Every structure is written in structure tokens, then in C-alpha cells.
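In: Any chance you can model this:
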Amino acid sequence: MVIVKINDKLAKLVDGKSVRYLNINDKLADSEGKLLEGMSLDRLHLSVKSYQVWADTLKPVLM
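Out: Residues are numbered from 1 along each chain as shown. You can find the predicted model right below:
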């Protein structure tokens, strides 16, 4: 899967100081990479619901 390969490469950029990586794929898509119900209206762009999931996941990391 392309997204998994890209995320693996992004994760390697983490330096523990200024670069962080948070994988939220399991909150947005199934194990095959298919977006979960309500995460996209057109199967390409994220929906408001998915951005809320993203924000809720980031909040504890950034606080």
C-alpha cells in the first residue's frame, strides 16, 4: 500500500526535537487502507468528521 510506505518513510524523519510523527491511519481507515464510513464524501478528500478525529488525536500530543 502506498500510504503505508509513505508513512514508514515519514516516521524515519522523527528527530525527537522538532519533528514528530503521529500515525492516525487506524482511526481513519481499515487494515486494507479503505477509509472508514464518514471519513470522506468522495473517497479522496477528508470530511469534517475525519478532521475532528485528527484534531482529537493531536490534542493530547500538543498539550
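In: how far away is Leu58 from Tyr21?
Out: Computed with C-beta to C-beta, to the nearest Å, the distance linking Leu58 and Tyr21 is 12 Å. Just so you know, the C-beta spots here come from the backbone N, C-alpha and C atoms, and that holds for glycine as well.
In: The two: which has the busier surroundings?
Out: Taking Leu58 and Tyr21 together and counting by other C-beta atoms under 10 Å, Leu58 has the greater number of neighbours (13 against 10).
In: who's in contact with that one?
Out: Applying C-beta atoms under 8 Å, 6 or more residues apart in numbering, one finds that Leu58 lies in contact with Leu22.
In: what about the helices in this protein?
Out: Defined through DSSP state H, the helices belonging to the chain, from first to last, are 2-11, 25-28, 48-62.
In: Adding distance to Leu36 and mean pLDDT, write these out as JSON lines.
Out: Converted to JSON lines, these look like this (distance: least, C-beta to C-beta, whole Å; pLDDT from 0 to 100):
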{"stretch": "helix 2-11", "distance to Leu36": "14", "mean pLDDT": "90"}
{"stretch": "helix 25-28", "distance to Leu36": "6", "mean pLDDT": "92"}
{"stretch": "helix 48-62", "distance to Leu36": "8", "mean pLDDT": "94"}
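In: Comparing those, which stretch has the densest surroundings?
Out: Mean neighbours per residue, mean count of other C-beta atoms under 10 Å, is largest over those for helix 25-28, with a mean of 14.
In: how far is that one from where the chain is centred?
Out: Remark: helix 25-28 is offset 6 Å from the chain centroid, using C-alpha atoms, centre = their mean, to the nearest Å.
In: Would you check how far apart the residue nearest to Ala11 when sequence neighbours are not counted and Met1 are?
Out: Distances taken as C-beta to C-beta, 6 or more residues apart in numbering place Tyr21 nearest to Ala11, at 4.8 Å, with adjacent residues excluded. Note on Tyr21: its distance to Met1, by C-beta to C-beta, is 17 Å.
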